[in-house]
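K.L.:
Test case, fold it:
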Amino acid sequence: MGELMYSKSSLRRAGSAATAVAAGLATVVPIATPAAAAPAFRTERVSVSSAGVQSDDSTLTGDLSADGRYVVFESYASTLVPGDTNGTGDVFLRDRQTNVTTRLSVSPTGAQADGASSEPQISADGRYVTFLSFATNLASDPRPEIGYDIYLLDRQTGALDRVSETADGRPADGDSLGPSISADGRYVAFQTYAGNLIPGVPGGNVLLYDRTTGQLSPVSVNADGTVAPSGGFGPFISANGRYVAFVSYSADLAPGDTNGVGDIYVRDLVAGTTVRASVGDHDQQIDDSRGGQVSNDGRYVTFWSYDDNVVAGDDNDAADVFVRDLVAGTTRVVSAAADGTPANGYSTGTELTPDGRHVVFSSVATDLVTGDTNGTDDVFRKDLRTGATILVSRRTGGVQGNESSSNPTTTPNGKIIAYGSSATNLTAGDTNEQTDLFVTKIG
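P.N.:
Reported below is the predicted structural model:
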């Protein structure tokens, strides 16, 4: 089942592509040269210590609070906080207002974690942080067999709770991965290979943790509540906690699923419905899809796929980013070239804002905007309302990054975007020769 081990962080790291479609409801609007002045860019590096010391190892991805003040990220660096000697990956938080960096993946007594921690996600107000860890000393009763567990940290009280455990507090008997947190920090969706967390629910499914009740419930289920035979992975929970998008190979979650590949599904936790979102513009089945994200109203779902039959005219033979309108029943290309034609390179790593307006993604294509001349992966933001695409991974003042940038995440308004980059020219003094985490504010 190794192929099922996808998470939000790992999905951001994959490569993908872009295309365009010139028809249909608000179809991809070709990006004309704007008459107004280009937006201003302000970029800072956040994977540094409180004293500004550079990291001595890579930082690939992070997550932002709603106002962009707090950034959580994973890193193997030992130079970000004093006394980091555990030689493994930790979860850190950077306060962009005070420029203070702290390590979050420590035991309740303050001891360093004895195993790697990663994939942090933060609530809108910055109070709650969920992450996964291989450590055995973060919970009072470690698993008898070492593996990955999901934790939820309350930064206000300091309480660190293990999410992936049974109702009576017993450790999981399998790995749990890919946490995704709601805006208020109440719900955490994750994938698990444990078979003992919920009676009757086998490993390989997506579960939901409710912080208020302390209960777990299955998410990768069909309309009548039956657990998916082939499970689910790669969950993303909407900001309001109502919808969960995930990937599944199961043919039993929605009618007519006969393609035998990974599809994106959306579970409405209130209505109790499950629908397939990764279908073509004419409702046709498509090939493998990944990276599903859903808007707060459950209407818009973004994903990426290598399939060239999702929309008409997609002939670039590369992965593209798409958006499905579940109300209108349409699918259109997000990662289109500036003139509306298929992009000339892959695009992937999507994140959708809660209102469904903005999509951030990474792409190696050079024709998504005019003037993209660095010949490497960049981070872009697409406005689905206006059709405008912006190249985000720039230095303050607008100079493009000189190396690859990817794994973007954004604030709800789409104006503050964090991403990993190996570029050395996004900020002054970047000499560590590592992939660093940057934050760019647009406007």
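K.L.:
make it CA atoms for all contacts and neighbour counts henceforth
P.N.:
Will do.
K.L.:
quick one: residue 132 and residue 102, what's the gap?
P.N.:
17 Å (CA to CA, to the nearest Å).
K.L.:
The two: who's more crowded?
P.N.:
Using other CA atoms under 10 Å, the more surrounded residue of residue 132 and residue 102 is residue 132, with 28 against 16.
K.L.:
In this model residue 151 seems to touch that one, though I could be wrong.
P.N.:
Yes - counting by CA atoms under 8 Å, residue 132 does reach residue 151; the two are 6.0 Å apart.
K.L.:
Let me see the ranges of the strands in the stretch 51-200 of the chain.
P.N.:
Here the stretch 51-200 of the chain has its strands, by DSSP state E, counting those that start in this stretch, at 62-64, 70-75, 90-95, 100-103, 117-122, 128-133, 149-154, 160-162, 176-181, 187-192.
K.L.:
helices or strands up against the first one?
P.N.:
Translated: strand 62-64. strand 70-75, strand 117-122, strand 405-410, strand 416-421 (3 or more CA pairs under 8 Å, 6 or more residues apart in numbering; DSSP states H and E).
K.L.:
same check, this time on the fifth one
P.N.:
In terms of contact count using 3+ CA pairs under 8 Å, 6+ apart, strand 117-122 is assigned the packing partners strand 62-64, strand 70-75, strand 90-95, strand 128-133, strand 176-181.
K.L.:
want to throw those into TSV with mean pLDDT?
P.N.:
Below are the helices and strands packed on strand 117-122 laid out as TSV (pLDDT from 0 to 100):
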stretch	mean pLDDT
strand 62-64	99
strand 70-75	99
strand 90-95	99
strand 128-133	98
strand 176-181	98
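K.L.:
So for residue 432, which of those sits nearest?
P.N.:
Closest to residue 432 of the helices and strands packed on strand 117-122, according to CA to CA: strand 70-75, at 13.9 Å.
K.L.:
Determine the angle, from 0 to 180 degrees, between the closest one and strand 128-133.
P.N.:
Relative orientation of strand 70-75 versus strand 128-133 (axes from the mean of the first three to the mean of the last three CA atoms, to 10 degrees): 10 degrees.
K.L.:
Which strands border strand 70-75, and is each parallel or antiparallel?
P.N.:
Sheet pairing of strand 70-75 (DSSP bridges) gives strand 62-64 (antiparallel), strand 90-95 (antiparallel).
K.L.:
Next, the angle strand 117-122 makes with it.
P.N.:
170 degrees.
K.L.:
Can you give me the first-to-last residue distance of stretch 203-219?
P.N.:
OK, stretch 203-219 end separation, CA to CA: 13 Å.
K.L.:
Contacts for it next, please.
P.N.:
Contacts to stretch 203-219, defined as CA atoms under 8 Å, 6 or more residues apart in numbering, come from residues 163, 167, 174, 185-198, 201, 220, 227-228, 230-233, 235, 244, 246, 267, 269.
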